[in-house]
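Asks: Turn this into a structure:
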Amino acid sequence: MDKEKLDNEFEKLWNETPASHSVSEKEASWEQFHSKTFTAKKRKFKPWRYYAAASVLLFVLIGTGIYFTGKPVTETAVMAENIIENTSAKIKLVVLPDSSKVELSPNSKIIYGQNFALNRKIEIVGEAYFKVKKDKQHPFQVFCNATTTTVLGTSFIVKESEKEAVTVELYEGSVQMNVKGQEKKWILKPGEKFTYGNESASVTEFSRFIDFDNEKLSAVSEYIEENYGYKVILPKDHLNQKITIRINKKEDLKTILQLISEMYNLNFELNEDLKQITFQ
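Replies: Below you'll find the predicted structure:
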């Protein structure tokens, strides 16, 4: 049956009004159309048609995220990244999925995967202080330019300079430093600083403490305000009290407040909304 006759048959059926025919008339009409359209001649088997159809089917199934095994594509795909950026002028506190804490400096950002609790790898641009939760089964690694910091302890600073030099300052515990393309490893101890720039690495010491030697208590309150962002209100009769104390530069604020309160038999109230600490 040629194309023109086939088109005429379709047009005839299309234009008919269904309600004007009985069931027997509809069946007879269909039999007539079928006998004219499809001949009894046996077609040759052309396997390439089936291959093409299978290819299209496979493409459609892959496109929807399902394989013949029934497993979703996302099981083997790379998980999406999380990017946290600090665009403010103050330090931003970030709690990671494994409960580790990051003090992210202004104009800095960190990047880590969705499965971070099991694969603790994190990339940093800028500067951040890390206080890492210990987990021997899942090492904590920080990537910055060509360097990798593998955490064996707890707290350290990673800093990237404008000239792409990297500095790591260790405050507590231990870290191992690696440089891309180099077999040598550097194990840092608290108070040591690792610097890498211009394809050269070095380890030096730095001061991780701030000392107040027989200074006014108000000097400590000024230090807290400058480094932690909280205004400190002291009783008037304590403003000129003298204090001798050594404070870890990355000490937890509440630890410092508790120490002062015990030394001078004071109580303190910390107001997060006002960013204010009141001793009385």
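Asks: Do a quick rundown of the helices in this structure.
Replies: Taking DSSP state H, the helices of the chain run over residues 3-15, 23-37, 47-63, 217-228, 253-263.
Asks: Least confident of those helices, on average?
Replies: With a mean of 36, helix 47-63 has the lowest mean pLDDT of the helices of the chain.
Asks: Is F268 in contact with S261, as I believe?
Replies: Yes. The criterion here is C-beta atoms under 8 Å, and F268 meets it with S261 at 5.3 Å. The C-beta positions use only the backbone N, C-alpha and C, and glycine is treated the same way.
Asks: Now the common contact residues for the two.
Replies: Jointly contacting F268 and S261 under the rule C-beta atoms under 8 Å, 6 or more residues apart in numbering are F279.
Asks: give the contact list for L96.
Replies: If you count contacts by C-beta under 8 Å, 6+ apart, L96 has them with V102, Y112, F116, I122.
Asks: How about the backbone phi and psi for it?
Replies: Main-chain dihedrals, L96, degrees, to the nearest 10: phi -80, psi 160.
Asks: Next one: it from N115, what distance?
Replies: Computed as C-beta to C-beta, to the nearest Å, the L96 to N115 distance reads 12 Å.
Asks: got a list of what the closest residue to L270 other than its chain neighbours touches?
Replies: What sits nearest to L270 in space, not counting adjacent residues and going by C-beta to C-beta, 6 or more residues apart in numbering, is I277, at 5.3 Å. Going by C-beta under 8 Å, 6+ apart, I277 touches I224, Y230, K231, V232, I233, L257, F268, E269, L270, N271.
Asks: Of the residues you listed, grab the buried ones for ChimeraX.
Replies: In ChimeraX, a selection of the buried entries from the contacts of I277 looks like this (16 or more other C-beta atoms under 10 Å):
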select :224,230,232,257,268
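Asks: Can you add distance to S200 and give the contacts of I277 back as CSV?
Replies: Listed next are the contacts of I277 as CSV, based on distance: C-beta to C-beta, whole Å:
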residue, distance to S200
I224, 38
Y230, 40
K231, 43
V232, 43
I233, 48
L257, 42
F268, 47
E269, 50
L270, 45
N271, 48
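Asks: Out of the contacts of I277, list just those in strands.
Replies: The strands, defined by DSSP state E, take in K231, V232, I233, F268, E269, L270, N271 from the contacts of I277.
Asks: and the third one, bridged to which residues?
Replies: Counting by DSSP bridges, I233 forms beta bridges with T278.
Asks: List the contacts of it.
Replies: Residues near I233 by C-beta under 8 Å, 6+ apart: Q276, I277, T278, F279.
Asks: Can you go through those residues and name the buried ones?
Replies: Applying 16+ other C-beta under 10 Å to these flags I277, T278, F279 as buried.
Asks: distance of the first one from Y230?
Replies: Translated: I277. Distance from I277 to Y230, counting by C-beta to C-beta: 5 Å.
Asks: overlap in contacts of the two?
Replies: Shared contacts of I277 and Y230 (C-beta under 8 Å, 6+ apart): I224, L270.
Asks: want to try TSV for the contacts of L96, with pLDDT as columns?
Replies: Shown next, in TSV, are the contacts of L96 (pLDDT from 0 to 100):
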residue	pLDDT
V102	95
Y112	94
F116	90
I122	94
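Asks: Of the residues you listed, which pair is most distant in space?
Replies: With C-beta to C-beta as the measure, no two of the contacts of L96 lie farther apart than V102 and F116, at 11.7 Å.
Asks: Just want to know which of the two has more residues nearby.
Replies: Neighbours were counted for V102 and for F116 using other C-beta atoms under 10 Å; V102 has more, 25 against 18.
Asks: which residues touch the more buried one?
Replies: L93, V94, V95, L96, I110, A128, Y129, F130, K131.
Asks: Let's see that with 10 Å instead.
Replies: V102 makes contact with 84, 86, 91-96, 108, 110, 112, 122, 124, 128-132, 142, 158, according to C-beta atoms under 10 Å, 6 or more residues apart in numbering.
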